[in-house]
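Trainee: Here you go, sequence then predicted model.
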Amino acid sequence: MELADYWKILRAHWVSFLAITVAGALLGLGWGLVQPKVYKANASGIVSAGVNSDLGTAMAGENYAKSRVKSYVDLAKSRSVALDVQENLGIDTSINQLLSSISITNPVDTATLKVSAESNTPESAQQLAEAWVKAIENQVSEVENSSATKSSSASIVTFRSFDAAELPTSPSSPNFKIAIAVGLLVGLFMAFAYAMLRHAFDRRISSIESVESSTGHSVIGTIPQTDTLDREQRLITSIGGNDRNEEHAGEYAVAESIRELRTNLQFMNIDNPPRTIVITSALPGEGKSTVAANLAITIAASDQKVVLIDGDLRRPTIAKTFGLLEGVGLTDVLIGNADIDDVMQPWGESGNLVVLGAGKIPPNPSELLGSNTFQNLIQSLAQEAIVLIDAPPLLPVTDAAILTARTDGALVVSRVRKTTYDELDSALNNLQRVNAHALGLILNGVPLKGAQASNYGYAYKAYYRQDTKGRRSAVANPVANDEA
């Protein structure tokens, strides 16, 4: 993966990424709020080895004090010092607790001992630090003069307070800045891992390149997503000319995508272009019926004869979509109850588009669609017009595979971010098992904006805006809620 691929993944999951990152920072803040406040006070003492006006003697005394102070580090952390502090302050804190709240350091190349005391209040931290320095002083004096007698002089080594403890003004722990920063970093890591895992395990269609590499079939059309239609109203008059406004940008993009699909079909095989085409999908709800209606209208607008047949004899929608008479159509012709000319219904002013509805729903759709009568019918219609057949989905039933085997091929419609690669592969395998030909794939509901738009060629949404002046052309538009 390239850096741009990571950026697309993060943009695609930016809401989750932001939420997890903020949650990490809030958890860090919450952790800090539940922690007990700890105050720290610092005091220090210094070891000296007598006072002498002679420079050489003074320097020797200083060096001796620096060497002696190293042995007092352990003394300062001894239980005897803690016991002395306990008695002086009159507290009932255990010796071990006192020792754990104290840290002793000897700054490099000094004769100083630095005492840091921690407590739950500023006052007790200050008192503990000063009391500890005083206790060290007592213990050092006792150790240095333990062998002194009346006839012998006291030790020249002494320990005295050097810097009194100041009252802490703010707690040293918890550090909210560090807690939030750590939580933020953890949240960023978790958010990135979540986005990568979602991408790795997401089997839904996400780009043209991935579909073509997964299936081995070409994507010959992409239909943008639009919210202007619902399942009851699938055909609209798109703004086709010069309407440059945000409201109609999606409609104009859909119009152009249908024209592009029409062009791709025309150049699919110049010497022998497909005349009988099945339009199907892997599962219901991917927009195949609406794409079939839109494509039929667009081909007819190019002054070509088109016959649109509703081959979905289980859940027919074409007659209703065009507002034509329902209940009569294909099944009446196949069982001999009507002639083809009696049930075909023209649509539009040009006279180039004729619609053949499904008719009454039969108990044996597969047998009717696989009959020689139906094959002869579509072959006779194909002599005068391009025949588009709206077929049922490939995975639930075998109707579409049977139809495709008797035509020039099928266009398989898949809905972006809904259809999975596994479902699409299974649908294409169903065609392959009956030696049927897939003419190409159509991706429906592709985004016009956002991180995913560039995966389908719709990164430049402003190109699809038009002025309100200009002509209008009738073209259909796929919808997100199409269940056919």
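Mentor: Alright, I've got the coordinates.

Trainee: how much space between the nearest residue to Ala436 once chain neighbours are set aside and Val412?
Mentor: With Cβ to Cβ, 6 or more residues apart in numbering as the criterion, Ala436 has its nearest non-adjacent residue at 3.7 Å, and that residue is Thr404. Just so you know, the C-beta spots here come from the backbone N, C-alpha and C atoms, and that holds for glycine as well. Thr404 sits 9 Å away from Val412, going by Cβ to Cβ, to the nearest Å.

Trainee: Could you tell me which residues touch both of the two?
Mentor: 280, 431, 438 (Cβ atoms under 8 Å, 6 or more residues apart in numbering).

Trainee: Could you look up the SS state of the second one?
Mentor: Here Leu431 is recorded as helix under DSSP: H, G, I helix; E, B strand; the rest coil.

Trainee: tell me the contacts of it?
Mentor: For Leu431, the contact set (Cβ under 8 Å, 6+ apart) comprises 394, 401, 404, 410, 412, 437-438.

Trainee: run the last query once more with 7 Å
Mentor: Taking Cβ atoms under 7 Å, 6 or more residues apart in numbering, we find Leu431 in contact with 394, 401, 404, 410, 438.

Trainee: what's across from the fourth one in the sheet?
Mentor: When assigned by DSSP bridges, Ala410 has beta-bridge partners Val278, Ala438.

Trainee: Neighbours of it, how many?
Mentor: 30 (other Cβ atoms under 10 Å).

Trainee: That one contacts Ala438, correct?
Mentor: Yes: between Ala410 and Ala438 a contact is recorded at 5.5 Å, counting by Cβ atoms under 7 Å.

Trainee: separation between Val291 and Ile220?
Mentor: Distance, Val291 to Ile220, using Cβ to Cβ: 12 Å.

Trainee: Quick check: neighbours shared by those two?
Mentor: With Cβ under 7 Å, 6+ apart, Val291 and Ile220 have common neighbours Ile442.

Trainee: Same drill for these two, tell me which one is more crowded.
Mentor: Set Val291 next to Ile220 and count neighbours by other Cβ under 10 Å: Val291 wins out with 29 against 18.

Trainee: Would you mind confirming that the more buried one makes contact with Arg415?
Mentor: No: counting by Cβ under 7 Å, Arg415 is not a contact partner of Val291; they are 10.4 Å apart.

Trainee: Can you show me the strands along this structure?
Mentor: Using DSSP state E, the strands of the chain run over residues 39-49, 102-105, 112-119, 157-163, 219-224, 276-281, 306-310, 345-347, 353-356, 386-390, 409-415, 438-446.

Trainee: Partner strands of the first one and their direction?
Mentor: Right, the one you point to is strand 39-49. Checking strand 39-49 against DSSP bridges gives partners strand 112-119 (antiparallel), strand 157-163 (antiparallel).

Trainee: Can you flag the weakest of those strands by average pLDDT?
Mentor: Per-stretch mean pLDDT for the strands paired with strand 39-49 is lowest at strand 157-163 (a mean of 83).

Trainee: Done for today, thanks.
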